[in-house]
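Peer 1: build me a model from this:
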Amino acid sequence: MDQDTARKDYEISFLVKEEKDAEGVAHLLGKTGGEVTLRGPVEKITLSYPIKKEMSAYFGFFHFSFPAARMAEFRKNLQTEQAVLRFLIVSPPFVKAAPRGISRQRMAPPPAPVERQPIVPAPLSNEALERKIEEILQE
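Peer 2: Predicted structure coming up:
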């Protein structure tokens, strides 16, 4: 593969000022040679602290394939875009998780309860008790 055509999968998460600005990110991505493979929902969130004097923003994400050689150009274009407050681009391993189901594996049956017999102390005579007390006191 040629270095210019070598494509890699990425994910971009971004904060924009207005909901319509998310389409601007997708347009910029397409203009620089990328192809969106999955669009996440764009939702309004309240920021914990002001970013570029904004207290709320719209959060969205895209999965996309992009020529690895042109990533620096795309990042620079995003940084100069006024509507984009913040962005993060990662290249995660996209793995489809198998749906979780009930395990059909049988567990071993629980062990049978062991019957315990109570320990009954042998009755002691008064003489044996007195001898035991004397032994303890002499020590």
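Peer 1: show me what V90 is bridged to.
Peer 2: E11 (DSSP bridges).
Peer 1: in stretch 21-29, what's buried?
Peer 2: 21-22, 25-26, 29 (16 or more other C-beta atoms under 10 Å). To be clear about C-beta, it is placed using only N, CA and C from the backbone, and glycine gets the same treatment.
Peer 1: which ones among these are found in helices?
Peer 2: Among the buried residues of stretch 21-29, DSSP state H puts 21-22, 25-26, 29 in helices.
Peer 1: the closest residue in space to E35 that isn't next to it in sequence: what's it in contact with?
Peer 2: Take E35 and drop its neighbours on the chain: the residue closest to it by C-beta to C-beta, 6 or more residues apart in numbering is S65, 5.2 Å away. By C-beta atoms under 8 Å, 6 or more residues apart in numbering, S65 lies in contact with 7-10, 34-35, 37.
Peer 1: bridging residues for S65?
Peer 2: With DSSP bridges as the rule, S65 is bridged to D9, E35.
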